[in-house]
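**Student:** give me the fold of what follows.
(one chain, ligands or ions: 1)
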Amino acid sequence: MLTIRNRTGLHGSIAVPGDKSISHRSVMLGAISEGTTRVRGFLKSADCLATIDCFRKLGVDIRELPGDPKIFPGMAADEPMTVIRGAGLRGLRAPDGVLLDAKNSGTTVRLLSGILAGQNFISCLTGDSSLRKRPMGRIIRPLEYMGIMAASEAGNGCVPLRIFGGHPRPIRYESRIASAQVKSCVLLAGLYADGPTFYTEPYLSRNHTELMLSAFGGNLKVRKKTDSDAVTTILYPGTVLTGQNVTVPGDISSAAYFLAAGLIVPGSAVTLKNVGINETRDGMLRVIRAMGGDVSILNIHMEGREPAADITVRYTPELRGTEIGGSLIPALIDEIPAIAVIAACAKGRTVIRDAAELKVKETNRLEAISAALASMGIDVEESDDGMTITGGRLRGAPIDPKGDHRIAMAFSIAGLVSRGPVVITDEGCVDVSYPDFYRDLRSLSGE
Ligand code: S3P
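**Tutor:** The predicted structure is shown next:
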């Protein structure tokens with residue numbers, strides 16, 4: 001249990017931890033490449049450690065070594081470097097009857113399933129009580145279309161999921177949802193097919209798999225439709241993936257909480273260093289601008305194929321409500337809890353629509369955000385695919401994030417500006433994506 005009290009004047013700069021999506025992918029692609037992959041800035045959170053654990057069970061040698069400035073210029077020896085000795089595309093080993101435990105991580109299950117589809121053995125993936133309720137039909141369907149049986153053991157479309165690896169067929173798949181996890185699952189399985197895989201999504205979801213696959217030697221093309229926002233990604237198999245040196249930029253989804261804090265806590269000026277600003281992830285920055293927030297983006301540079309920058313936000317007393325929907329949603333899907341807290345402090349209404357995917361995250365986030373805001377005295381109306389938040393004065397309340405890291409972090413920030421304390425009942429769940437979140441928050445408060 002953690003009590004968060006009202007603060008003013010947050011100052012300082014934070015190097016937020018490595019991007020979660022990119023960290024997962026660095027281990028996965030490293031594992032199925034030829035040669036060695038070295039990763040700087042790997043996120044050592046529970047979700048990404050679950051990915052490492054699964055690949056170790058699949059026979060991949062993954063170690064943490066001291067930083068090496070010959071590989072990453074400027075890297076100090078006390079900065080850890082994650083080193084993956086690639087097993088090659090089909091070189092994973094059957095995990096000896098052991099279940100592969102993805103814990104709380106949807107990304108681990110869905111992406112790994114695509115890789116397991118191309119192995120010559122049967123494997124079984126499972127996870128914690130939250131993950132065991134999340135929908136896997138969205139990957140089971142395309143995998144079956146590729147000729148790969150993926151069986152939900154309980155028959156409820158969730159993990160435990162048994163994957164009967166083999167030879168995926170090349171397919172043309174149209175997804176109704178913009179999900180990078182589903183897209184990545186299909187593209188990774190497509191690496192094992194004997195013809196091109198076409199994957200169409202209604203809006204472009206995060207494209208880290210595509211960018212990293214190209215860097216490792218993969219052959220992909222992206223086609224945008226002219227009459228809609230739909231995007232088709234085509235993966236041509238048959239190239240050799242070669243291990244690379246990967247630098248992981250800071251996670252904009254972790255920066256989101258401090259972006260919110262800097263904007264709403266009176267007298268604040270906060271800088272987030274080296275944050276990934278890939279255009280498929282930067283929706284929150286666009287929303288902050290639309291709300292009139294004081295944000296500057298400096299020192300834009302590339303970390304491999306991923307753009308990154310330093311972001312400074314300043315307290316903005318006149319934030320105004322905005323509308324968020326359509327193609328913007330996939331570019332900020334994980335930031336909606338933090339955006340909702342900003343909206344609660346803005347003048348007027350913020351309308352969020354087209355975000356039904358929030359119902360199937362680590363918790364039902366539409367429900368969790370609405371309930372938490374309401375308990376803090378904010379007028380919020382939940383809809384089928386979003387919510388309308390009318391800005392007001394937050395009051396303190398107990399918040400039970402029900403194990404959802406993003407709800408815990410967003411409402412900790414709400415506690416910085418509420419009348420009366422916010423008490424977070426299971427603050428330890430932040431370990432899933434940001435183990436040092438409360439340390440970094442304290443560093444800003446000058447405690
Ligand atoms: C992720 C994709 C998103 C996001 C999740 C990470 C990824 O999920 O919410 O936290 O790394 O591919 P969906 O692809 O299901 O939208």
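
**Student:** what residues does the stretch 1-150 of the chain have near the ligand?
**Tutor:** Within the stretch 1-150 of the chain, the positions adjacent to the ligand are 21, 107 by Cβ under 6 Å from any ligand atom. Any C-beta I mention is one placed from the backbone N, CA and C, and that applies to glycine too.

**Student:** which residue does the stretch 1-150 of the chain bring closest to the ligand?
**Tutor:** residue 21 (3.3 Å; Cβ to the nearest ligand atom).

**Student:** ok, the residue nearest to residue 314 when sequence neighbours are not counted - contacts?
**Tutor:** Spatial nearest neighbour of residue 314, chain neighbours left out: residue 294 (4.1 Å); criterion: Cβ to Cβ, 6 or more residues apart in numbering. Contact analysis of residue 294 by Cβ atoms under 8 Å, 6 or more residues apart in numbering lists 263, 313, 314, 315, 316.

**Student:** residue ranges for the helices of the stretch 301-447 of the chain, please.
**Tutor:** Here the stretch 301-447 of the chain has its helices, by DSSP state H, counting those that start in this stretch, at 336-344, 365-375, 405-414, 437-445.

**Student:** residues making contact with the first one?
**Tutor:** Contacting residues not belonging to helix 336-344 are listed as 256-257, 259-260, 263-264, 284, 287-288, 291, 293, 319, 321-322, 324, 332, 350, 352, 355, 358, 365, 368-369, 373, 376, 378, 380, 387, 389, 391-392, 394, 406-407, 409-411, 413-414 [Cβ under 8 Å, 6+ apart].

**Student:** get me the contact residues on the stretch 301-447 of the chain for the ligand.
**Tutor:** Going by Cβ under 6 Å from any ligand atom, the residues of the stretch 301-447 of the chain near the ligand are 333, 334, 357.

**Student:** look at the residue nearest to the first one when sequence neighbours are not counted and report its pLDDT.
**Tutor:** On the basis of Cβ to Cβ, 6+ apart, the spatially nearest residue to residue 333 that is not a chain neighbour turns out to be residue 357, at 6.2 Å. Among the per-residue scores, residue 357 holds a pLDDT of 98.

**Student:** contacts only, for residue 357.
**Tutor:** 177, 179, 329, 333.

**Student:** please determine how far it is located from residue 179.
**Tutor:** In this view, residue 357 and residue 179 are 7 Å apart by Cβ to Cβ, to the nearest Å.

**Student:** on that earlier part again, would you list the helices of the stretch 301-447 of the chain in a markdown table and tack on mean neighbour count and distance to residue 86?
**Tutor:** Formatted as a markdown table, those follow (neighbours: other Cβ atoms under 10 Å; distance: least, Cβ to Cβ, whole Å):
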| stretch | mean neighbour count | distance to residue 86 |
| --- | --- | --- |
| helix 336-344 | 28 | 36 |
| helix 365-375 | 21 | 36 |
| helix 405-414 | 27 | 30 |
| helix 437-445 | 17 | 32 |
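
**Student:** right, and residue 26 touches residue 39 too?
**Tutor:** Yes: at 4.6 Å, residue 26 and residue 39 qualify as touching, with contact defined as Cβ atoms under 8 Å.

**Student:** list the residues that contact both of these two?
**Tutor:** Counting by Cβ under 8 Å, 6+ apart, the residues touching both residue 26 and residue 39 are 82, 84, 246, 248.

**Student:** how many other residues sit next to the last one?
**Tutor:** By the other Cβ atoms under 10 Å criterion, the neighbourhood of residue 248 contains 27 residues.
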